[in-house]
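Undergrad: One predicted model, sequence on top.
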Amino acid sequence: MIIKQFEDKPLAHYSYAILSGNEMALVDPSRDPEPYYKFAEENDAKIVAVFETHPHADFVSGHLQIHKETEAVIYVSELVGADYPHKAFDDGATFKMNEVTFMAINTPGHSPDGITIVAKDKNAKQAIFTGDTLFIGDVGRPDLREKAGNMKAKREQLAEAMFTTMQTKFNDLPDDTLVYPAHGAGSLCGKNMSSDSSSTLGNERISNWAFKKLSKEDFVDHILKDQPFIPSYFGHDVAINKTGAPNFIGAISQIPLKIGAFKIEKNILIIDTRDEAEFKKNHMPNSINIMARNIDDKIETWLGSIVEPSEPFYIVVASINDKQELLERIAKIGYESQVKAVLTLDKVYEKEDEFDFNDFDQNKENYTIVDIRNKSEFNEGHFFDSAINIPLNELRNAIDKIPTNKPIVIHCAGGYRSAAGSSIVSKQIHNTKVYDLSEKINNYKL
């Protein structure tokens, strides 16, 4: 058995190919099937199975497209109520692929319909693909299915289910079992994940808090405390994954490109993905600056947190060379159908006012300071005693909480989020100056 791990870094997503002889199975594939097809071709293998551990909230899976293009069977829990062709794969179910046997374990907790896939070969090498149930150093958050999916469940119920899963579901598996999760550090599907991409059950039994001997009450309290915010797109993606997404490239191929932003619809949101310096020099009215300069800029997370799933928008790029990759990233969270067009700018529209940092340094009381970090970040420590905390994902709907009798200064922890935050506020508040502290926030680190 050969296991290949694929990483989609912006989404902190891991997917897998399991190879045995001339056959291959996939676990939790990304929406883009091409890397798996290339790997299969390199190994002269046929993709015969796709395992979905649950309907994912943070990315769109390519399982249906892979099924259509390869005739691979999709295996998923019957509890999902999947609308695509599939075979039920629940407790005790098995599938044999050459010298590898796959078995299902129902592992509710992150979702009510989650499963873990056990793979074992003839040499007794064993691995588990745990989806969003067991991460390296943590477990999946239980608060994402209260409003999404055919099986809705309250967070307290799922937290208790996760307790039972961690206490009972992996007990019969040996310590040398390899652990392969669907996410790593940086994912919003958990809160304290390790930067390691894999582990063993033995290591997790020693180091992962969820394996400790805790009472149910203590376990539930711990897992529910300080969970990250829930981006707007999460429920949207659960619904897409339950049905199956349309063809990846086909979904973005019809999005028009406009060289020079002429004749666009009024009152449609514009997402400008250029560097903040370029945005401040020139941008279109009604623009929000969510930077996508490289894979370290998490445009997927912030686009899906700031823009609602049904909301149309335009995309501004620095160059037409950025168009394809950017649309692919947007499609991985299922937002491609909302893109009206991709735009490049050919004239000067608006620019930001220069910020007098020296005046701010000496007269902070003359400014309204808005800290757009998450509540947990804010509670751990403030940069400014007078700051108002409105997390970025809530900002568009909380403008009325910002006083307008003084110039407004927006800041985050490092500068990336404040570019989006200041553009949101300045778009909605017109009679008060709005400034971005940007990377200057580093001068005020505690």
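TA: In hand now; what should we look at?
Undergrad: and the residue nearest to Asp371 when sequence neighbours are not counted, how many neighbours does it have?
TA: Nearest residue to Asp371 in three dimensions, chain neighbours excluded: Ala387, at 4.2 Å (C-beta to C-beta, 6 or more residues apart in numbering). C-beta coordinates here come from the backbone N, C-alpha and C atoms, glycine included. Neighbours of Ala387 under the rule other C-beta atoms under 10 Å: 18.
Undergrad: got a list of what Ala387 touches?
TA: Residues near Ala387 by C-beta atoms under 8 Å, 6 or more residues apart in numbering: Ile369, Val370, Asp371, Phe378, His411.
Undergrad: which of these sit farthest apart?
TA: Greatest spatial distance in the contacts of Ala387: Ile369 and Phe378, 11.9 Å, computed using C-beta to C-beta.
Undergrad: Show me which of those two is the more surrounded one.
TA: For the pair Ile369 and Phe378, the greater number of neighbours falls to Ile369 (22 against 18), based on other C-beta under 10 Å.
Undergrad: hey, what's the more buried one bridged with?
TA: Val409 (DSSP bridges).
Undergrad: For it, list the residues it contacts.
TA: Ile369 sits in contact with Phe384, Ser386, Ala387, Ile388, Ile408, Val409, His411, where contact means C-beta under 8 Å, 6+ apart.
Undergrad: mind showing which ranges of the chain have poor pLDDT?
TA: The chain contains residues with pLDDT under 70 at 148-152, 261, 446.
Undergrad: how about a cut-off of 80?
TA: 146-153, 189-192, 261-262, 445-446 (pLDDT under 80).
Undergrad: Grab the most central residue of it for me.
TA: Central residue of the chain (C-alpha atoms, centre = their mean): Asp58, 4.0 Å from the mean position.
Undergrad: out of everything not next to it in sequence, what's closest to it?
TA: Nearest non-adjacent residue to Asp58, counting by C-beta to C-beta, 6+ apart: Cys189, 5.8 Å away.
Undergrad: wait, Gln5 sits on Tyr180?
TA: Yes. In this structure, Gln5 is within contact of Tyr180 by C-beta atoms under 8 Å, at 6.7 Å.
Undergrad: Between the two, tell me which one has more neighbours.
TA: Neighbour count, other C-beta under 10 Å: between Gln5 and Tyr180, Tyr180 has more, with 24 against 12.
Undergrad: that's a strand at that one, yeah?
TA: Yes. Assigned with DSSP: H, G, I helix; E, B strand; the rest coil, Tyr180 falls within a strand.
Undergrad: gap between it and Asp132?
TA: 12 Å (C-beta to C-beta, to the nearest Å).
Undergrad: ok, now Thr168?
TA: In this structure, Thr168 and Asp132 are 18 Å apart, going by C-beta to C-beta.
Undergrad: what residues are up against the closest residue to Asp32 other than its chain neighbours?
TA: Once flanking residues are discounted, Asp32 sits nearest to Phe248: 5.4 Å by C-beta to C-beta, 6+ apart. By C-beta under 8 Å, 6+ apart, the contact set of Phe248 is Arg31, Asp32, Pro33, Gly62, Gln65, Glu328, Ala331.
Undergrad: swap in Asp58?
TA: For Asp58, counting by C-beta under 8 Å, 6+ apart, the contacting residues are Leu11, His13, His183, Ser187, Leu188, Cys189, Pro231, Phe234, Asp237, Ile333.
Undergrad: And it, how far from Ser215?
TA: According to C-beta to C-beta, Asp58 stands 30 Å off from Ser215.
Undergrad: Kindly report the same for Lys433.
TA: For Lys433, the distance to Ser215 (C-beta to C-beta) stands at 54 Å.
Undergrad: Can you pick out the residue with more neighbours from those two?
TA: Lys433 (15 against 9).
Undergrad: Report the residue ranges of every domain in the protein.
TA: 2-237, 247-344, 357-444 (automatic domain parsing).
Undergrad: where exactly do the helices run in the stretch 101-250 of the chain?
TA: For the stretch 101-250 of the chain, the helices defined by DSSP state H, counting those that start in this stretch occupy 155-168, 201-207, 216-224, 233-243, 248-253.
Undergrad: Out of the ones you listed, which one sits most buried?
TA: The highest mean neighbour count among those, using mean count of other C-beta atoms under 10 Å, belongs to helix 233-243: a mean of 21.
Undergrad: closest to Ile402 among the contacts of Asp58?
TA: Among the contacts of Asp58, Pro231 lies closest to Ile402 (C-beta to C-beta), at 22.1 Å.
Undergrad: was I right about Thr368 contacting Lys406?
TA: Yes. Assessed by C-beta under 8 Å, Thr368 is found in contact with Lys406 at 4.7 Å.
Undergrad: Tell me which of those two has more neighbours.
TA: More crowded of Thr368 and Lys406, by other C-beta under 10 Å: Thr368, with 18 against 13.
Undergrad: wait, what's in contact with the more buried one?
TA: Here Thr368 is in contact with Ile388, Ile402, Pro403, Thr404, Asn405, Lys406, Pro407, Ile408, Val409 (C-beta under 8 Å, 6+ apart).
Undergrad: where's the fourth one, which helix or strand?
TA: Following DSSP states H and E, there is no helix or strand that holds Thr404.
Undergrad: State the distance from the closest residue to it other than its chain neighbours to Ser423.
TA: Of all residues not flanking Thr404 in the chain, Thr432 sits nearest, at 4.3 Å (C-beta to C-beta, 6+ apart). Going from Thr432 to Ser423 by C-beta to C-beta gives 15 Å.
Undergrad: Neighbour count for these two, which is higher?
TA: Ser423 (26 against 15).
Undergrad: Identify the spatial nearest neighbour of that one, chain neighbours not counted.
TA: Asn289 (4.3 Å).
Undergrad: Check Ala245 too.
TA: Nearest non-adjacent residue to Ala245, counting by C-beta to C-beta, 6+ apart: Val60, 4.9 Å away.
Undergrad: my read: the one you found touches Asp237, true?
TA: Yes. Contact criterion C-beta under 8 Å: Val60 and Asp237 qualify, at 5.6 Å.
Undergrad: Between the two, which contacts overlap?
TA: Residues touching both Val60 and Asp237 by C-beta under 8 Å, 6+ apart: Ile333, Gly334.
Undergrad: Gly414: neighbour count?
TA: By other C-beta under 10 Å, 13 other residues sit near Gly414.
Undergrad: I figured it was touching Ile441, is that so?
TA: Yes. Gly414 lies in contact with Ile441 (C-beta under 8 Å); the separation is 6.8 Å.
Undergrad: In contact with Pro256, which residues?
TA: Pro256 neighbours (C-beta under 8 Å, 6+ apart): Lys340, Ala341, Val342.
Undergrad: try 10 Å
TA: The contact partners of Pro256, taken as C-beta atoms under 10 Å, 6 or more residues apart in numbering, are Val339, Lys340, Ala341, Val342, Leu343.
Undergrad: Identify the farthest-apart pair in those residues.
TA: Val339 and Leu343 (10.3 Å).
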